[in-house]
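Asker: everything below, folded, please.
(one chain, ligands or ions: 2)
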Amino acid sequence: MMEVTLTCEECGSGIHVIPNAEATVAKCDVCNKEASVHFTAEHEEGILKQCPCCERKDFYSQKDFNRKIGVALFVIAAILSIWTYGISFIVLYVMDLILFKKLGQIAICYKCNTIFRNVSNIKDIHGFNHEMNDRIVYSDHDFDGKQLEHH
Ligand SMILES: [Zn+2]
Ligand SMILES: [Zn+2]
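Answerer: Ligands and ions are numbered 1, 2, ... in the order given. From the prediction side, this is the model:
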């Protein structure tokens with residue numbers, strides 16, 4: 001089942017929703033602001049072609065990595081390395097490999113930063129492209145789902 005995390009326009013909190021074609025709004029638990037969503041039968045099947053929030057078709061994929069946990073682990077390893085002569089960094093490296101293997105790929109909407117987990121067509125979604133991001137964010141360009149190729 002695809003999981004969608006929207007960012008609340010009002011307070012910036014994450015709003016977690018499961019695609020449902022009958023739902024038209026997603027409500028923020030923190031400030032009760034409602035965001036309109038447009039889910040389709042495709043979304044219910046985990047296929048991501050169009051953003052349910054902004055209706056754009058441009059997404060990028062990345063590892064589902066929790067930066068806070070990563071930083072906390074690094075700090076712990078740094079402290080421990082004083083007594084372990086750096087062995088804790090090797091442990092951290094191994095843990096990183098294990099954690100990264102467990103983590104799946106997520107898709108993110110360039111335009112509205114909505115996060116999608118358990119996307120069945122994640123392999124069709126390319127990694128982050130700076131040029132596309134700049135053109136979408138700063139000049140409101142719509143690539144309509146076409147990946148920008150470099151020549
Ligand atoms: Zn909110
Ligand atoms: Zn979007």
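Asker: for this structure, what helix or strand is lowest in average pLDDT?
Answerer: One helix or strand of the chain scores below all others by mean pLDDT, DSSP states H and E: helix 87-102, with a mean of 76.
Asker: Gly14: what's it in contact with?
Answerer: With CB atoms under 8 Å, 6 or more residues apart in numbering as the criterion, the residues that contact Gly14 are Thr5, Leu6, Thr7, Cys8, Ile115. Yep, even glycine has a C-beta here, placed from its N, CA and C like the rest.
Asker: kindly list the main-chain dihedrals of the fourth one?
Answerer: Translated: Cys8. According to degrees, to the nearest 10, the main-chain angles of Cys8 amount to phi -60, psi 130.
Asker: what about the nearest residue to it once chain neighbours are set aside, how many residues nearby?
Answerer: Take Cys8 and drop its neighbours on the chain: the residue closest to it by CB to CB, 6 or more residues apart in numbering is Cys28, 4.2 Å away. Applying other CB atoms under 10 Å, we find 19 other residues in the vicinity of Cys28.
Asker: do the same with Val119
Answerer: Neighbour tally, Val119, other CB under 10 Å: 22.
Asker: tell me which residues touch it, please.
Answerer: Met2, Gly46, Ile47, Leu48, Gln105, Ile106, Ala107, Ile125.
Asker: now name the helix or strand holding it.
Answerer: Assigned by DSSP states H and E, Val119 belongs to no helix or strand.
Asker: now do Asn20
Answerer: With DSSP H and E as the criterion, Asn20 is inside neither a helix nor a strand.
Asker: assess the claim that it and Phe39 are in contact.
Answerer: Yes: taking contact to mean CB atoms under 8 Å, the distance of 5.8 Å between Asn20 and Phe39 places them in contact.
Asker: so which elements touch the longest helix along the chain?
Answerer: Once the chain is assigned using DSSP state H, the helix that runs over the most residues is helix 67-84. Contacting helix 67-84 under the criterion 3 or more CB pairs under 8 Å, 6 or more residues apart in numbering; DSSP states H and E are the following elements: helix 87-102.
Asker: thanks again, I'm all set now.
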